[in-house]
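Participant: can you look at this prediction? I've put the sequence above it.
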Amino acid sequence: MKTLTQKLDLDPFINNFQSFYARDKSIEMMGDINQHFKYISALATVEFPAMKEVHNLDEQLNRIKKQGVLSLEDIYAFVSMIEYFNALKTSSLPEPLNKWIREIDIHEEIADVILYFTSEGNINPEREPELYDIEKALKQNKSELKDKLYKLAHSSTLKDYLVDTQIHFLNGEETLMVRGGFNKILKASVVGRTAGGFFYILPQSISHLKEKESALLSRKEEVIYRYCQTFSATLHKHYLFMRFINREYDKFDHYQARVLFARAYDYHFILPSKRKVVNLSEFCHPAIDKPKPVSINLEKSVMLVTGVNAGGKTMLLKSLLSAVYMSKNLLPFKCNEEKTEVGHFKSIEAVIDDPQSVKNDISTFAGRMVEFAKLFDKENAIVGVDEIELGTDSDEAASLFRVMLDELKKKGITFIVTTHHKRLASLMSTDDDVELIAALYDEENRKPTYTFLQGSIGKSYAFETAQRYGVPEHIVRKAKDVYGEDKENLNELIEKSTTLEREMRLKLEQIDKELAIVERKRTEIENIEETLNEQQRKAVATLENRYNAATKRALEALKVKESTEGRRLLNDAHKQKKLSTHAKKVEQPNKRVLQVGDAVKYRTSRGEILGIRNTEATIEVDGLKMRVPLSQLRYLESLQKKVVNKTKTTVKVERSRQGSISIKLLGCYADEAIDKLDVFLSDALVSGFNEVEIIHGTGGGVLKKVIIEYLKGYPKLQSFHGLKGNLGITVVKL
């Protein structure tokens, strides 16, 4: 039976990916997928050293546990893994990778074992004097052996029997190739023969050198074995760490292979979401050369795919299941990662191939029923069924599959179903939890477009497909006659319905775009209106200040003496007052009268009106209550139902007669202090004061900090500073 990856045509993709591993393993990763994704994402942002190829060491771990002696090659495999993590520690890694690698603590005894190895995996002779002497003797012996063979190969007595003057290696032995009769002039042992009847010989004159070499090699093996015993004992002592490092090496191997694979093919990782959806954008199945990207949304329990033969229905099914499979195993693939979302499903099932089997005496339909029966034991799965009506009467199958799909949906199973059976499509089209997909056909060019339309039933185009693949035209015409005019008309109606549906969706998309433009312009106009209102408010405040200042100058002049200058200044003040009153009475069309409970905007904050008194309102912003002028509030229509109120809003500003140049806020709570300070500053501005004092005391500094933050945002202040010699008083210039 085919595996899931074979059914989805993913085997070449998987094999290619596994070639990036440092050692053979399956693609599945145990543990928290979200944590794996964090490590992979972090590793993808940096360069890191290449991993060494290391064979599987599960058997070697068992031997260590049982105090067995490992070979030098196996010991070096463990050393290679530890050396790699040491190299990672010297690299600049982002979190959480850095924390993970730093926490791998290598014991001094293990670190000492590493020092005994060369980069080729041999014992370093410089660490062991006896081994150094053996290596030196082997080199000298080999040099003597080479010299003797060279002299024999070029001697005049052996010249007539030599096939060539080369030194030939046979089974690790240095030999000469000679013709028959060589034993008349040279004593030697025959090591082998060639197909041409020549002999490989080992002259007796160098046999003592070979014996010496053999003895030296035996001594070398004894030394190495002693080291293997010592190193194996150390590994046994740290067995738990060796098991841990072996597992961590596999873990990092999973990560680095995925990162390198994604870089090599410009693929993207998609972390499975909690929603049971598969929304693909520009997805390309890795089995297809030069694929047409697929963009499709599966957000319902059943996707029913109909339409033209050879139009990509099966590949659409495989694409959806493949995306789930690759996402589930954090394998990267080609897509638009910003718009792609793949949900998490407990299992993936593909009912694709014809299950008919002569050996098991099972028909196509019976095989399908066996596969469907297994699904009743599944939960939270995603299942792809290709040609669901295969193998039996389509009308009977439609009713049966409709009921089975309804029942299986209740178990949280999501289905992708391809079919040419329009009765099944019509039976399920009324279900809100069923998504209809039509594979489209290009009538003009007489070929599939390999694109899909959501929300419609597609025509099969069986006759057109047969003709496209070489069936004679007269055969196709006769088949159409047999098929019948009524059924052909039905197909034409289905086709027209699909076309109209597509046109309608395009028009709706255009309308949505236009609405978005209108909404954007409306927001821009509201921002302009808000800016103009703020400018008007500032202008009114400026005129009031000018009026107050002019009145003050006029009164001061009149106090000195009745003069023409005093009357002139007073007249100028009244002119400024008229301008201020006129500016405040400018009509604001279509403005709503603010009421208790309205959502409003005060400066840059959003709040709600708790109460209104005269020209002031008490509002709540982020849990803080404050009293502010109504003129500084803007009604937030976006948070309420739209109310059209043509009542003209006129804001009256009364001049306070109780202005003071200082205010004591000692012992006040923050909210209470801000309320009092707001009223005090407003009265001071209306009274025309240029400078006032706020007495807040020192204490813990909390009240002063609240007041300073409030003053920073007050719009009508020139500056403020602490009183020299008294930190409990802040001076404000208006």
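Facilitator: Received the coordinates, thanks. Worth saying up front: this structure is predicted, and the values here are computed from it rather than measured.

Participant: so who does residue 635 touch?
Facilitator: Neighbouring residues of residue 635 by Cβ atoms under 8 Å, 6 or more residues apart in numbering: 591, 592, 594, 598, 599, 600. Placement of C-beta: from N, CA and C, glycine included.

Participant: is it in a bridge, and if so with what?
Facilitator: Beta bridges link residue 635 to residue 600 when assigned by DSSP bridges.

Participant: tell me what the strand or helix carrying residue 382 is packed against?
Facilitator: For residue 382, the host element (DSSP states H and E) is strand 381-385. The contact analysis (3 or more Cβ pairs under 8 Å, 6 or more residues apart in numbering; DSSP states H and E) places strand 381-385 against helix 313-328, strand 347-351, strand 414-418.

Participant: on that earlier part again, list buried residues within the contacts of residue 635.
Facilitator: Burial by neighbour count, judged by 16 or more other Cβ atoms under 10 Å, picks out 591, 592, 594, 598, 600 from these.

Participant: any idea how far the last one is from residue 617?
Facilitator: Residue 600 sits 8 Å away from residue 617, going by Cβ to Cβ, to the nearest Å.

Participant: make sure residue 728 is indeed in a strand.
Facilitator: Yes: checked against DSSP: H, G, I helix; E, B strand; the rest coil, residue 728 lies within a strand.

Participant: excluding sequence neighbours, find me the nearest residue to it.
Facilitator: residue 697 (4.4 Å; Cβ to Cβ, 6 or more residues apart in numbering).

Participant: residues near that neighbour, how many?
Facilitator: If you count neighbours by other Cβ atoms under 10 Å, residue 697 ends up with 17.

Participant: sec struct for it, please.
Facilitator: coil.

Participant: shouldn't it be in contact with residue 707?
Facilitator: No: under the criterion of Cβ atoms under 8 Å, residue 697 is not in contact with residue 707, lying 10.7 Å apart.

Participant: overlap in contacts of these two?
Facilitator: Contacts common to residue 697 and residue 707, judged by Cβ under 8 Å, 6+ apart, are residue 665.

Participant: now do residue 372 against residue 546, distance only.
Facilitator: Distance from residue 372 to residue 546, by Cβ to Cβ: 87 Å.

Participant: same question for residue 137.
Facilitator: 109 Å.

Participant: over to residue 553?
Facilitator: Residue 553 is 11 Å from residue 546, by Cβ to Cβ.

Participant: same question for residue 221.
Facilitator: Residue 221 is 107 Å from residue 546, by Cβ to Cβ.

Participant: of those two, give the one with the bigger neighbour count.
Facilitator: With neighbours defined as other Cβ under 10 Å, residue 221 and residue 546 compare such that residue 546 has more, 18 against 13.

Participant: for the stretch 301-450 of the chain, just list every one of the strands.
Facilitator: 302-307, 341-342, 347-351, 381-385, 414-418, 434-442, 447-454 (DSSP state E, counting those that start in this stretch).

Participant: any regions of the stretch 201-350 of the chain where pLDDT drops low?
Facilitator: Of all residues in the stretch 201-350 of the chain, those with pLDDT under 70 make up the ranges 308-311.

Participant: now do the helices in it.
Facilitator: For the stretch 201-350 of the chain, the helices defined by DSSP state H, counting those that start in this stretch occupy 207-237, 239-265, 313-328.

Participant: let's have those helices in JSON lines, adding distance to residue 472.
Facilitator: Shown next, in JSON lines, are those (distance: least, Cβ to Cβ, whole Å):
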{"stretch": "helix 207-237", "distance to residue 472": "76"}
{"stretch": "helix 239-265", "distance to residue 472": "44"}
{"stretch": "helix 313-328", "distance to residue 472": "26"}
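
Participant: quick one: which of those helices is nearest residue 72?
Facilitator: helix 207-237 (5.8 Å; Cβ to Cβ).

Participant: if we can go back for a sec, now for residue 600 and residue 617: what residues contact both?
Facilitator: With Cβ under 8 Å, 6+ apart as the test, residue 600 and residue 617 both reach 594, 609, 633.

Participant: which among those gets closest to residue 275?
Facilitator: Closest to residue 275, out of all of these and judged by Cβ to Cβ, is residue 609, at 39.1 Å.

Participant: burial count for that closest one?
Facilitator: 21.

Participant: what pLDDT does residue 556 get?
Facilitator: pLDDT, residue 556: 69.

Participant: for residue 498, same thing?
Facilitator: Listed pLDDT for residue 498 reads 52.

Participant: report all helices and strands that the helix or strand that contains residue 681 contacts.
Facilitator: According to DSSP H and E, residue 681 maps onto helix 670-687. Where contact means 3+ Cβ pairs under 8 Å, 6+ apart, helix 670-687 is packed against helix 485-560, strand 624-629, strand 662-664, strand 691-695, helix 702-712.

Participant: which of the ones you listed sits closest to residue 108?
Facilitator: Among the helices and strands packed on helix 670-687, the nearest to residue 108 by Cβ to Cβ is helix 702-712 (55.0 Å).

Participant: can you tell me the element residue 130 falls in?
Facilitator: Per DSSP H and E: helix 129-153 holds residue 130.

Participant: that helix - contacts with which helices or strands?
Facilitator: Looks like helix 129-153 contacts strand 173-178, strand 199-203, helix 207-237 (3+ Cβ pairs under 8 Å, 6+ apart).

Participant: switch the cut-off to 6 Å
Facilitator: helix 207-237 (3 or more Cβ pairs under 6 Å, 6 or more residues apart in numbering; DSSP states H and E).

Participant: got the buried residues for the helix it packs on?
Facilitator: Buried, per 16+ other Cβ under 10 Å, within helix 207-237: 209, 212-213, 216, 219-220, 224, 227-228, 231-232, 234-236.

Participant: now distance to residue 701 too, for those residues, in TSV please.
Facilitator: Putting the buried residues of helix 207-237 into TSV (distance: Cβ to Cβ, whole Å) gives the following:
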residue	distance to residue 701
209	95
212	92
213	90
216	86
219	84
220	81
224	76
227	71
228	73
231	67
232	69
234	63
235	64
236	66
